[in-house]
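In: got a sequence here, can you model it:
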Amino acid sequence: MTGKQRYREFLKSEFWKELSRRKRDLVGKCEECGSTTNLQSHHHEYPKDWYETTLEQLQVLCRECHRKAHGFVVVPFHLYSGRDYGFCRTIHWVDSLTLRIGGGGYKLSPRDRRYLRLVAERYPAKKHDGCMVFHVSNCIAFDLLLNP
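Out: Numbering: from 1, shown residues only. Down below sits the predicted model:
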């Protein structure tokens with residue numbers, strides 16, 4: 001089991017659920033933007049043993065601020081005329097990856113690279129439209145530039 005899988009299991013534990021609820025009840029709003037909806041607890045400091053997490057190591061954030069804290073940037077979703085919904089979702093995903101890389105601290109995983117390769121195969125460039133190839137190439141080049 002990888003560290004990420006173990007952490008996901010920890011997040012399902014009664015210990016985490018109770019600690020998270022107590023922190024959200026105590027603070028009552030996002031500590032970044034002040035929102036009172038979709039509140040979540042965020043580790044701003046990780047102890048060696050997750051079961052030793054204290055309230056002081058947590059921060060209350062709304063869903064949007066929590067995503068930003070982890071480097072996820074929400075990109076407006078556009079429907080490209082004449083294209084299927086899968087194409088539009090894929091462009092959105094590729095652009096999101098590019099923004100995450102540009103935000104620092106994110107590097108394409110082997111899985112990301114495999115998926116990008118499959119995307120380029122599924123949506124090959126046409127004479128008048130190299131849109132997907134452009135976005136995929138841009139994402140990979142940006143990753144190589146910032147993460148040599």
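In: make it CA atoms for all contacts and neighbour counts henceforth
Out: Fine.
In: where does pLDDT dip in the protein?
Out: 71-84, 127-130 (pLDDT under 70).
In: mind listing the strands for it?
Out: For the chain, applying DSSP state E gives strands covering 39-43, 58-62.
In: distance between the first one and the chain's centre?
Out: Once both centres are worked out by Cα atoms, centre = their mean, to the nearest Å, strand 39-43 turns out to sit 15 Å from its chain's centre.
In: could you check the angle it makes with strand 58-62?
Out: In terms of direction (axes from the mean of the first three to the mean of the last three Cα atoms, to 10 degrees), strand 39-43 departs from strand 58-62 by 140 degrees.
In: so in that sheet, which strands flank strand 39-43, and in what orientation?
Out: strand 58-62 (antiparallel) (DSSP bridges).
In: what sits up against the strand it pairs with?
Out: The contact list for strand 58-62, computed with Cα atoms under 8 Å, 6 or more residues apart in numbering, reads 23-24, 27-33, 35-45.
In: any quick PyMOL command for the buried ones out of these?
Out: Buried residues among the contacts of strand 58-62 (16 or more other Cα atoms under 10 Å), as a PyMOL selection:
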select buried, resi 23+24+28+29+30+35+39+40+41+42+43
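In: burial of Q59, as a residue count?
Out: Residues within reach of Q59, counting by other Cα atoms under 10 Å, total 20.
In: distance of it from G28?
Out: From Q59 across to G28, the span is 11 Å (Cα to Cα, to the nearest Å).
In: next one: A69
Out: A69 is 18 Å from G28, by Cα to Cα.
In: same check on E18?
Out: For E18, the distance to G28 - Cα to Cα - is 15 Å.
In: count the residues that sit near D95.
Out: 21.
In: how is this protein divided into domains?
Out: Using automatic domain parsing, the domains assigned to the chain come out as 3-69, 85-146.
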